[in-house]
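A.B. asks: Sharing a model that was predicted from the sequence below.
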There are 2 protein chains.
Amino acid sequence: MAQYQAPLRDMQFVLHEVLNVEATLKKMPAHAEVTRDLLDQVLEEGGKFCAEVLFPLNAVGDREGCTLDTTTHEVKTPTGFKAAYTQFVEAGWPALSCDPTYGGQGLPHVAQSAFQEMMNSANQAWTMYPGLTHGAYQALLAHGTEAQKTTVLPKLIEGTWTGTMCLTEPHCGTDLGLLRSRAEPQADGTYKITGGKIFISSGEHDMAENIVHLVLARLPDAPPGTKGISLFLVPKYMYGADGMLGARNPITCGALEHKMGIHGNSTCQMNLDGAVGTIVGQPNKGLNAMFVMMNGARLGVGMQSLGLMATAYQSSAAYAKERIQSRSLSGPKAKDKPADPIIVHPDVRRMLLTQRAYLEGSRAFAYWIALQADIAHYSDDEDERKDAEDMLTLLTPVIKAFITDAGFECTNLAMQVYGGHGYISENGIEQLARDARINMIYEGTNTIQSLDLLGRKVLGDGGAKLKKFGREVEAFVSEHQQEPGMAEFAAGLEDIGGKLTDISGWVGMQGMKNPEEIGAAAVDYLRLAGHMVYAYFWARMAQVALPKAKDDAFYNAKVQTAKFYYARLLPESEMLVKRIKAGSKSLLSLEAEAF
Amino acid sequence: MAQYQAPLRDMQFVLHEVLNVEATLKKMPAHAEVTRDLLDQVLEEGGKFCAEVLFPLNAVGDREGCTLDTTTHEVKTPTGFKAAYTQFVEAGWPALSCDPTYGGQGLPHVAQSAFQEMMNSANQAWTMYPGLTHGAYQALLAHGTEAQKTTVLPKLIEGTWTGTMCLTEPHCGTDLGLLRSRAEPQADGTYKITGGKIFISSGEHDMAENIVHLVLARLPDAPPGTKGISLFLVPKYMYGADGMLGARNPITCGALEHKMGIHGNSTCQMNLDGAVGTIVGQPNKGLNAMFVMMNGARLGVGMQSLGLMATAYQSSAAYAKERIQSRSLSGPKAKDKPADPIIVHPDVRRMLLTQRAYLEGSRAFAYWIALQADIAHYSDDEDERKDAEDMLTLLTPVIKAFITDAGFECTNLAMQVYGGHGYISENGIEQLARDARINMIYEGTNTIQSLDLLGRKVLGDGGAKLKKFGREVEAFVSEHQQEPGMAEFAAGLEDIGGKLTDISGWVGMQGMKNPEEIGAAAVDYLRLAGHMVYAYFWARMAQVALPKAKDDAFYNAKVQTAKFYYARLLPESEMLVKRIKAGSKSLLSLEAEAF
C-alpha cells in the first residue's frame, strides 16, 4: 500500500543546512522574525495535517471522483473532501504566506512551498482546490482594483471563497490568441461575459461559499490575437462590498471531464451566459495579469510532481525492504527467510536511487526557487531583488518541465518496484503515475516550457540570466573544489557547465539563421539546463554532507545519492548535446503529408 | 479520438520487401504454398476484423470492465466482447497458425504475428483471451500427453475452449520457487490441486464453453524451490475423451482485480479447492513445460506494445495534422486558417518521429523474429533451424522489454501531442498508455528480461549467440555499405556494434569477479543491445528504400525515419555505456536500511 509521512528531516536539511534560509530571511524586514524553530513548527503541524487528514482521502478521491447534478449544476466532491477543507480553513492554513494587509500570516514563500509539497504528496487532486485559490489571490493582489482586493482577498485568504483560472476553450489551449469568449461593457462599469471554457480545475464544487473565476475574454473592439484579451473577475455568487452573497451569476458547470487521473478534482466545462464580471488590470492587457497567476501555477505544478515523488519513493522503498523474492546474485542475504528482500537486487536499487536523486534534487531546487521569490519580494536590496527575480524568471520553466518529467518517471519506477502489485488500483501506486501525468501537460505543456526557456529566457536576453546562474555555480565550485571529496562534483559541474555554454552559443547562432532550430532544440535544451541545475544542487548537498558522512547514515546517504546522480543520471547530457546538434533537419525533412 | 486502420502497406513492406518472407517460406515443405498473395489476403481480412469489430470495443471494455457474480463465480465480459469472440471463432481465426493435425490451418508464425499486431492495435484487453489460449495450445502441443492433445487441442484451435496460465501466488511472482499450491495424486492417475493463484488473465469469462488452466503446483514429495514444481491441466468443466463437458471443477474466480488498464480483460484471483487436473510433462519439471508458454507469452507481450504503438502513432499523427494552434516559428504555413496545424512545430515532429521510429523498427524486428520461429520449426536444414532457434532464444527478452518500454514511451508521446485532450478518457489516448503500462511488468518484469538476456543468453554461452547475430549484421554492412546513401548507416552500425562488443566483454570480466555487476548492468545492457537490433533493422529498411526514395513518398519516409533514428535515438548508446561502466558500486554502496 502507498504510504506517506512528512519527510521533515530531509526538508530541514535543505532549508537549514543547505539553503540556510533563516539567515537570508533575517535580512528582510518582513521576515526578520521567522526563525528556524518557527519554520520547523509549521512544517511539523502541516505535515501532520497532510499525512493524517489529506492522505487517507487520496484513494477515496480517485475511486469516487466528482459528480455533477445536471439540474442544479452543483458539483459534489468525494467523501471527506469538504470536511478536510473545513479543517484546513479553521486551522488558518490558506493564510500562511498571504499578505497581512488582507488577513494573511505573512510567512515566507519558502514555508508555503514546503507545505505545498506535503499537501501534494498526500493528495494532489484535493490540493488543487486551495492551489488555484492561491493563484487567484496572487493575480488579484498584483492587478486587482482596490474594491476587488478589499472584498475578495480576505475571503480567499480565509478560504471561505476559492478561485479558478478560466483560460482554455475547446479550440484553444496553448494558443490563447484564438480565444472567443466575449465581454460586453455595461452602463454600471461591469461586463457581461459569454462563452464556453473547458478544463477548468476546481471550476465548481461544494467546499466553499463562493468561487471567483478569473476569466479571459475579448472586449467588443479588441484587436485580434493575444493583444486583444482582457481579464475579468466573475464570481459564482454576486457579492456586496461587505462580502455578503447575492444572486447566482450565470457561470455554471455544464459537464465534468473523465480523466486519466486527479479524479478528486472537478475538471469543469464552464458556460458563461452573460455572467457579470469586473475587469482586472487594463483592457486588452489581460494576459499580463493572468501571467502572474500562470507563473505561480507553473511553480505550483512543479511542486505537485515533487510531492508525488516523495510518496512514490517512500512507498516503493518500504515495499522493497519488505517484499521477499529471489536471492541476491552474490548469495543469500536474509538467510532466515525463504528469499531476500528485493532491495538486495542492484536494479531495484537503481529504481530507488533514481527516484531519490530526482526527488531530493527537486526539493533543494524548488525550495531555493521559493527563497528567490521571497528575496525578489521582500529584500530591501534592489540588486538582490533583481538577481532573485532573474533566477525566478529563468528557472520557472525548468521547475515546471524538468520536475514533472521526473515525477512521471519516478512514479512509474515506483510502480515497477511493486511489480504486478503496482498495477493494481487498491495498492495506490498506479494512481500516483496517473495523477503525475497531467503535470507534464497543463499550465503550458513541457514543450511550451522549453520554448519559453530557450527562446525567451535564455536567447531573449543574450544569455544574461543564464550567465548569472552560471556565475553562482562557478563561485560555488571555486569556493569548495579543494574540500575533501568535492573534486568529482566540481569536475562534473565544470563539464555540464561547459556543455550548456557551448550549446547555448551554438543554438543561438543556428536560431539566427533559422528560427526552427530553436523549436528543434528546445526540449533537449531544457533537459540539459535541468541537469546543470540538479548537478549544482547535488554538489551543494554533497558539500554540506561530506564532512559528516562518515559517522552519520543520513549524511552518508546524501553523499552516495549525489555520487549516483553524477555517475548514472548526469551522463544523459552527452546524448542531449548530440540530439540538439542533429538540428531541425532531422525533424523537418519529411513533409507533413507523409505522417 | 483514437483511430485505427490496419497499416497494410507498411506491413507488406516489411514482409515482402525487407524480409522477403515468401522466398524463405518457399524452402520449407510445410509452407511452400504460402504465397505473398495469400499473406496479403490474410492481412487484409484480419485487418478488417480488427479495425471494424475489435477496435470499437476497446473503449467499451475500458469503461465497463468485467464483473463477477460472487454467487455463481461467473464473470461477465464487457458488452460486445462475447459477440466479437463468436465472430472470431466462426471465421476460423484461432486456427490460423495451428497444427493441421489437430485442425489448424498451418499458416506460418509470421502471418500469426502480423495478425496479432493488428488485434492488439485494436484491443489489447480482448486479444488477451485468444492470446493466452494460443499459449496454452503451444505448451500442450509441446508437452501434453496424447490424450490431452487429442481432446483439448482441437477445442483450443477452434476456439470453443480457451486457456490460461496460472503461475503467480500472492507471495510469489518473479520467484516461482516459493510457490505453495499442492497437487495430491489420486488413484486414477489424476491429481487434486489446492491453492490460490492471483493475476490470472482471462481466468474466468463468458466467451467460451470451457476454460483449461495450466497450473503450477507442488507434488507432496517435491523438492523445495523451482526443482519441485509440476504443471497440471485443470479444466473449468471436466470433459470426456470426446470433449463432452461434465461436472464443474472446483477452480473458481474469487475476485477480480481493479487495475490501471486492460479493464476489458478479467484479471482473476483463482481458488483451487481440490480441483482435478492431469499432469503435463514430467513431475517436478513443470517449469520447463511452462516455459514454452512463457516464451510464447513474452513474444506476445512485445506484440501487444507493437500494436498499441501503431494506434498511438496513427491517432496522434492525424490529430497533429488537424489541430490548429499557434504559428510556425518560421512564419505562417496555413495562411487561410487562424493558426497552423501543430504538425508544423519541430517538437511535435520529434514526438511523432520517435513513435514512428520505434513502431516501424519494432515491426521489422518482430516479424523477423516470427520468421525465425518459422525457420526453427519448419526448415529442413538443421543448421538453419539451429541458427534461427539461437536468434529466437537470444532476442526474446529484447522483444519483450525493449518493445514494451518503447510502447509506454510512445503511447505517452501520443498523449503529449494531444495536450490536455489526451488526458481526457473519452478521446481514447490515455487508455493506450494505461494498457501499455502492464506490458513492462507481466510475463517477467523488464528487469527479469534484462537478467535473462545478459546473464543467460549472452554470458551463458560466452557470447556465442550474440556473435552469431553480430555476424549477420557485419555481413549486411559489408554487402551494402558502398551503396549510395548507406555510408551513414554502416558507420552507425559499426559504432553501436563496437560498443556492444566492448561492453559485453567488460561486463563479462566484471561479472566473474562480482556477480552483482551483472545485475547492475543488465537493464542498460538490454537497451544497448536493443539499439543494435533497431539500428540493424533501420539500416535494412533504409537499404531497401533508398533507391526508390526520390520519387516515392512512402520510401522517402522510410529513409527520413531511419536518419532520424540514427541522429536522435541511437545516441542514447553512449549514455548507456557510461551508466554500465559506473558499475555496481554506484548502486550498492548505500546500505539497505538507509532507504
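C.D. replies: Right, received. Where do you want to start? Numbering: from 1, shown residues only, chains lettered A, B, ... in the order given.

A.B. asks: How about the residues of the stretch 251-400 of chain A by chain B?
C.D. replies: A:257-261, A:317, A:320-321, A:324-326, A:328-330, A:338-339, A:341, A:343-350, A:352-353, A:356 (CB under 8 Å from any CB of the partner chain). The C-beta positions use only the backbone N, C-alpha and C, and glycine is treated the same way.

A.B. asks: what about burial for those, which qualify?
C.D. replies: A:257, A:259-261, A:317, A:320-321, A:324-326, A:328-329, A:338-339, A:341, A:343-350, A:352-353, A:356 (16 or more other CB atoms under 10 Å in any protein chain shown).

A.B. asks: Sitting in helices, which of those residues do you find?
C.D. replies: A:Ala317, A:Ala320, A:Lys321, A:Pro346, A:Asp347, A:Val348, A:Arg349, A:Arg350, A:Leu352, A:Leu353, A:Arg356 (DSSP state H).

A.B. asks: Please name the nearest non-neighbouring residue to the first one.
C.D. replies: By the measure of CB to CB, 6 or more residues apart in numbering or on different chains, the closest residue to A:Ala317 outside its immediate chain neighbours is B:Phe595, 4.3 Å from it.

A.B. asks: before we move on, what about A:His263?
C.D. replies: A:His263's closest residue in space is A:Gly65 (CB to CB, 6+ apart), at 4.1 Å.

A.B. asks: picking up where we left off before, could you verify my assumption that the residue nearest to A:Ala317 touches A:Tyr319?
C.D. replies: No - B:Phe595 lies out of contact with A:Tyr319 (CB atoms under 8 Å); the separation is 10.5 Å.

A.B. asks: These two: who's more crowded?
C.D. replies: Between B:Phe595 and A:Tyr319, counted using other CB atoms under 10 Å in any protein chain shown, A:Tyr319 has the larger neighbour count: 25 against 20.

A.B. asks: From A:Gly422, how far off is that one?
C.D. replies: 9 Å (CB to CB, to the nearest Å).

A.B. asks: The helix or strand where A:Gln116 lies near chain B at all?
C.D. replies: Per DSSP states H and E: A:Gln116 is located in helix A:109-143. No - with CB under 8 Å from any CB as the criterion, chain B is not reached by helix A:109-143; the gap is at least 13.2 Å.

A.B. asks: Neighbours of A:Val477, how many?
C.D. replies: By other CB under 10 Å, neighbour count at A:Val477 equals 18.

A.B. asks: tell me which element it falls in.
C.D. replies: Short version: A:Val477 belongs to helix A:464-480, going by DSSP H and E.

A.B. asks: For stretch A:165-176, give me every contacting residue.
C.D. replies: A:132, A:135-136, A:139, A:178-181, A:195-200, A:203, A:213-216, A:226, A:229, A:234, A:270, A:287, A:290, A:293-294, A:297, A:444-445, A:448, B:324-326, B:339, B:419-420 (CB atoms under 8 Å, 6 or more residues apart in numbering or on different chains).

A.B. asks: Which of the residues in it are classified as buried?
C.D. replies: Applying 16+ other CB under 10 Å to stretch A:165-176 flags A:Met165, A:Cys166, A:Leu167, A:Thr168, A:Glu169, A:His171, A:Cys172, A:Gly173, A:Thr174, A:Asp175, A:Leu176 as buried.

A.B. asks: from the chain's centre, how far out does that stretch sit?
C.D. replies: 20 Å (CA atoms, centre = their mean, to the nearest Å).

A.B. asks: can you check stretch A:503-520 too?
C.D. replies: The answer for stretch A:503-520 is 28 Å, by CA atoms, centre = their mean.

A.B. asks: hmm, it touching chain B?
C.D. replies: Yes - applying CB under 8 Å from any CB, one finds stretch A:503-520 touching chain B at A:Asn514, A:Pro515, A:Glu516, A:Ile518, A:Gly519, A:Ala520.

A.B. asks: and the first one, how many neighbours does it have?
C.D. replies: By that I understand A:Asn514. 16.

A.B. asks: same deal with the second one?
C.D. replies: Other residues near A:Pro515 come to 17 when the count uses other CB under 10 Å.

A.B. asks: I'd assumed B:Leu329 was in contact with it.
C.D. replies: Yes - counting by CB under 8 Å, B:Leu329 is a contact partner of A:Pro515 at 4.2 Å.

A.B. asks: wait, A:Glu257 sits on A:Met270?
C.D. replies: No - A:Glu257 lies out of contact with A:Met270 (CB under 8 Å); the separation is 11.5 Å.

A.B. asks: re earlier: output the contacting helices and strands for the helix holding A:Val477.
C.D. replies: On a contact count with 3 or more CB pairs under 8 Å, 6 or more residues apart in numbering or on different chains; DSSP states H and E, helix A:464-480 meets helix A:382-418, helix A:487-513, helix A:516-545.

A.B. asks: how about those helices, which one is nearest B:Ala222?
C.D. replies: helix A:382-418 (29.4 Å; CB to CB).

A.B. asks: For chain B, tell me whether the next helix-or-strand element following the closest one is touching it.
C.D. replies: Moving toward the C-terminus from helix A:382-418, the next helix or strand (DSSP H and E) is helix A:420-423. Yes - shown here: helix A:420-423 in contact with chain B (CB under 8 Å from any CB) through A:Gly420, A:Gly422, A:Tyr423.

A.B. asks: so after helix A:420-423, what's the next helix or strand?
C.D. replies: Downstream of helix A:420-423 (by DSSP H and E), the next one is helix A:430-438.

A.B. asks: And for A:Lys386, the neighbour number?
C.D. replies: Count around A:Lys386 with other CB under 10 Å applied: 14.

A.B. asks: go on, A:Ala247?
C.D. replies: By other CB under 10 Å, 9 other residues sit near A:Ala247.

A.B. asks: That one: what secondary structure?
C.D. replies: strand (DSSP: H, G, I helix; E, B strand; the rest coil).

A.B. asks: Quickly find the element holding the nearest residue to it once chain neighbours are set aside.
C.D. replies: The shortest distance from A:Ala247 to any non-neighbouring residue, by CB to CB, 6+ apart, is to A:Met238 (5.0 Å). According to DSSP H and E, A:Met238 maps onto strand A:237-239.

A.B. asks: ok, and what's touching that strand?
C.D. replies: Residues from elsewhere that reach strand A:237-239 (CB under 8 Å, 6+ apart): A:Thr151, A:Glu209, A:Asn210, A:Leu245, A:Gly246, A:Ala247, A:Arg248, A:Asn249, A:Val276.

A.B. asks: If we use 10 Å, what do you get?
C.D. replies: With CB atoms under 10 Å, 6 or more residues apart in numbering or on different chains as the contact definition, strand A:237-239 has outside contacts at A:151-152, A:155, A:161, A:190, A:209-212, A:244-249, A:251, A:275-276.

A.B. asks: most tightly surrounded among the helices and strands packed on helix A:464-480?
C.D. replies: helix A:516-545 (a mean of 25; mean count of other CB atoms under 10 Å in any protein chain shown).

A.B. asks: show me the contacts for the closest residue to A:Arg9 other than its chain neighbours.
C.D. replies: Of all residues not flanking A:Arg9 in the chain, A:Phe554 sits nearest, at 6.8 Å (CB to CB, 6+ apart). Counting by CB under 10 Å, 6+ apart, A:Phe554 makes contact with A:Arg9, A:Asp10, A:Phe13, A:Ala545, A:Lys548, B:Ala594.

A.B. asks: With that, I have no additional questions.
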